[in-house]
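**Student:** 3D model of this:
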Amino acid sequence: MSPFTAFITPWRTVHRSLRWLGGVVSLLLCVAATVVAFSVRDPHGWLFGLMLYAFGAAYFWLCVMACLLLVATDARRLRLPGVERVVAGSMLLYGLASVALPLALFMPARGDAATITLVSALAAGAGLAVALLPRYFTLVLGFLPALAIGARHRIHVPFPGEPGFVALGAALLVVLVMVNMFRWRQLLRAEAPVETGMGGAMVMQYRHSGAMAGSYGALGAAWGDTLRHDGAASAHLRQGKATPSVCLDGVGPNSPVLALRVALGENLAPQTLRAHARRFMRLGLPLLLFIPAMAVMQAGEAHGDVLHKVMRGVGINVIAWFGLMGGMALMAMGSLLPWARWRRANAELPLLALLPGLGEAASLRRDLLRAALGRPLALQALLLALVLGVALAMHAGPSLLLFATLCQFGCAAVVAASVLGAFGGKALPGWGMGVLLTGMGALAAASTFVPLFATLGKDPQPLAAGAVAGLAVAWATATMVLLWLGRRGWRGLRQRPHPFLAN
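**Tutor:** Here you go, the predicted model:
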């Protein structure tokens, strides 16, 4: 096995959309980390850059390197000799590169070699663990940083750059490597690994859903199986044991919107109370659990008027994380569900034209858009009301209110543009959807955190004119792109003789 073979293996075997998504996001974060490390006028500027690099490394191992497990699994089942050695060599090569690259970047900025090595290795191992472990474990892992910060005044937990971090980081790295090796071996030798549900590993979905699984992986490990039916539920359905999840009350020719929601699939159809409860446990509960975790964190940091500081800290985190992550999750689900079903021509769509009572093409277009956009945009509006209510209760400034509103409007606009493109036969390719969702996610994150930390941080001050101008230019660009995509999709939809029939 040559070094070139080990280097090229991930790029030749991983799904094309995941290669682009993981590679581009990681490269952008690496460039941003270098700029921050050398531009921040602070002795610890290299540490800020290292944190950005760590996010990029974790994302790369989550989206790209974890997929080598699928290659090794197929090679083992097909009895192909030598492939597992190539996969092992590739993992080793990229593991060394993930540590050597930040050393070359941050050592000239007076970085500490031991801290850089440990943080980089931990980031790569954590990204791989998120892909390999069952998703209920990854939800727990997501709360560990908050709990560590909250308990630091009772149990000393050294962070990067602090005394004692090297010993703790080395111990955590050993545990993480052992867990990843055990889980890799377990999935490699499993006859029928669980692919969906909270007990399944996210990497097992990459085989079926490609970039869509990777996009959800970026948003959270709890949401990866939303795009397709759960395997256990499908098995129960075949055996006649499944509990109905779609509510058919009022569905018929006199309610075309409800009928279209049922026809568009389970995730857009009206649900029973039990189905709503199941979905809340899978999607809403992890976000709600984040609030008490943030309360614990703020209680550990607060002094003096603890209750006031805890409530203020929780409010900031509701705006920063609940609003941001909730908005991005709604954006991804509302965009990807119609896109995945409509972007390719198939025999199911023309059959929908036979549904009775749909009316003429003009009224059917309106009803179809109401069926596809009604619930996602309503949930986005509720989330916006929650974020604005919390911001007003904290007496937030106009800049924070403006950009928090723009974040939710931007996420909703992505949903509308994606749905119009899908229905109009102008759906974006896989890499295009990845760029659109990632770009809006990055813009929403910047528009949330920059004004939040400037106006409600430890040293509140008005938002700098340069930051306002940069965000304004970014939002103007995003608005033009989304308007073009939406207009392109709407024209395609209007040119169709029937919404379910191509031109």
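
**Student:** what about the longest helix in this protein?
**Tutor:** helix 361-393 (DSSP state H).

**Student:** now for it, which elements pack on it?
**Tutor:** helix 256-263, helix 306-317, helix 324-342, helix 398-423 (3 or more C-beta pairs under 8 Å, 6 or more residues apart in numbering; DSSP states H and E). Every residue, glycine included, has its C-beta placed from N, CA and C.

**Student:** mean pLDDT lowest where, among those helices?
**Tutor:** For these, the stretch scoring lowest in mean pLDDT is helix 306-317; its value is a mean of 62.

**Student:** nearest to M65, of the helices and strands packed on helix 361-393?
**Tutor:** Set against M65 and scored by C-beta to C-beta, those come closest in helix 324-342, at 22.5 Å.

**Student:** quick one: distance of that closest one to the chain centre.
**Tutor:** Helix 324-342 sits 10 Å away from the centroid of its parent chain (C-alpha atoms, centre = their mean, to the nearest Å).

**Student:** now do stretch 63-81
**Tutor:** The chain centre lies 25 Å from the centre of stretch 63-81; the measure is C-alpha atoms, centre = their mean.

**Student:** what residues of that stretch count as buried?
**Tutor:** 63-73, 75 (16 or more other C-beta atoms under 10 Å).

**Student:** closest to L428 among the residues you listed?
**Tutor:** Minimum distance to L428 across the buried residues of stretch 63-81 is 18.6 Å, recorded for C63 (C-beta to C-beta).

**Student:** please report phi then psi for the closest one.
**Tutor:** As for C63, its main-chain torsions (degrees, to the nearest 10) stand at phi -90, psi -40.

**Student:** now A353
**Tutor:** According to degrees, to the nearest 10, A353 has phi -70, psi -20.

**Student:** now it, nearest residue through space, not along the chain?
**Tutor:** Spatially, and ignoring its direct neighbours in sequence, A353 is nearest to F500 (4.4 Å; C-beta to C-beta, 6 or more residues apart in numbering).

**Student:** can you tell which of the helices and strands packed on helix 361-393 is closest to A391?
**Tutor:** If we rank the helices and strands packed on helix 361-393 by C-beta to C-beta, the stretch that ends up nearest is helix 398-423, at 5.7 Å.

**Student:** helices or strands up against the helix or strand that the closest one is followed by?
**Tutor:** Counting by DSSP states H and E, the next helix or strand C-terminal to helix 398-423 is helix 430-456. If you count contacts as 3+ C-beta pairs under 8 Å, 6+ apart, helix 430-456 packs onto helix 16-39, helix 211-219, helix 324-342, helix 398-423, helix 465-495.

**Student:** tell me the angle the first one makes with helix 430-456.
**Tutor:** The reference is to helix 16-39. Orientation check (axes from the mean of the first three to the mean of the last three C-alpha atoms, to 10 degrees): helix 16-39 against helix 430-456 gives 30 degrees.

**Student:** and the contacts of helix 16-39?
**Tutor:** 10-11, 14, 45-46, 48-53, 55-57, 59-60, 62-64, 67, 101-102, 105-106, 109, 111, 206, 210-211, 213-215, 218, 430-431, 434-435, 438 (C-beta atoms under 8 Å, 6 or more residues apart in numbering).

**Student:** now the residues you listed: which count as buried?
**Tutor:** The neighbour-count test (16+ other C-beta under 10 Å) applied to these identifies 10, 14, 45-46, 49-50, 52-53, 55-57, 59-60, 62-64, 67, 102, 105-106, 109, 111, 206, 210-211, 213-215, 218, 430-431, 434-435, 438 as buried.

**Student:** low pLDDT regions in the stretch 51-200 of the chain?
**Tutor:** Low-confidence segments of the stretch 51-200 of the chain (pLDDT under 70): 138-155, 192-199.

**Student:** ok now do F165, which residues does it touch?
**Tutor:** 115, 118, 158-159.

**Student:** try 6 Å this time
**Tutor:** Neighbour list for F165: P158 [criterion: C-beta atoms under 6 Å, 6 or more residues apart in numbering].

**Student:** circling back to that earlier point, kindly calculate the angle that the longest helix of the chain makes with helix 256-263.
**Tutor:** Going by the same axes, to 10 degrees, helix 361-393 makes 80 degrees with helix 256-263.

**Student:** still on that earlier bit, what about the residue nearest to A353, distance to M480?
**Tutor:** 30 Å (C-beta to C-beta, to the nearest Å).

**Student:** same check on F182?
**Tutor:** With C-beta to C-beta as the criterion, F182 and M480 are 50 Å apart.

**Student:** now for L92, how many residues are close by?
**Tutor:** By the measure other C-beta atoms under 10 Å, the count of residues near L92 is 11.

**Student:** hmm, back to that, the helices and strands packed on helix 361-393: which one's closest to A131?
**Tutor:** helix 324-342 (17.6 Å).

**Student:** that closest one packs against which elements?
**Tutor:** Here helix 324-342 touches helix 211-219, helix 361-393, helix 398-423, helix 430-456, going by 3 or more C-beta pairs under 6 Å, 6 or more residues apart in numbering; DSSP states H and E.

**Student:** can you put the ones you listed in TSV and add distance to V31?
**Tutor:** Output for the helices and strands packed on helix 324-342, formatted as TSV (distance: least, C-beta to C-beta, whole Å):
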stretch	distance to V31
helix 211-219	18
helix 361-393	30
helix 398-423	23
helix 430-456	13
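
**Student:** most tightly packed of those?
**Tutor:** Highest mean neighbour count among those (mean count of other C-beta atoms under 10 Å): helix 211-219, with a mean of 25.

**Student:** tell me the mean pLDDT over that helix?
**Tutor:** 42.

**Student:** go on, stretch 441-455?
**Tutor:** Stretch 441-455 carries an average pLDDT of 78.

**Student:** with just CA atoms, put it into PDB.
**Tutor:** Taking C-alpha atoms only, stretch 441-455 is exported to PDB below (Å, rounded to 0.1, in the frame of the first residue of the first chain):
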ATOM      1  CA  GLY A 441     -26.400  28.400   8.700                       C
ATOM      2  CA  ALA A 442     -23.100  30.200   8.800                       C
ATOM      3  CA  LEU A 443     -24.800  33.600   8.100                       C
ATOM      4  CA  ALA A 444     -27.500  32.900  10.800                       C
ATOM      5  CA  ALA A 445     -24.800  31.900  13.300                       C
ATOM      6  CA  ALA A 446     -22.800  35.100  12.600                       C
ATOM      7  CA  SER A 447     -25.900  37.300  12.800                       C
ATOM      8  CA  THR A 448     -26.800  35.700  16.100                       C
ATOM      9  CA  PHE A 449     -23.500  35.600  18.000                       C
ATOM     10  CA  VAL A 450     -21.900  38.900  16.800                       C
ATOM     11  CA  PRO A 451     -24.700  41.200  18.000                       C
ATOM     12  CA  LEU A 452     -25.400  39.000  21.000                       C
ATOM     13  CA  PHE A 453     -21.900  39.100  22.500                       C
ATOM     14  CA  ALA A 454     -21.400  42.700  21.600                       C
ATOM     15  CA  THR A 455     -24.600  44.000  23.200                       C
END
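
**Student:** can you tell me what sits against it?
**Tutor:** The contact list for stretch 441-455 (C-beta under 6 Å, 6+ apart) reads 320, 324, 328, 397, 399-400, 403, 406-407, 463, 467, 471, 474, 478.

**Student:** that'll do, ta.
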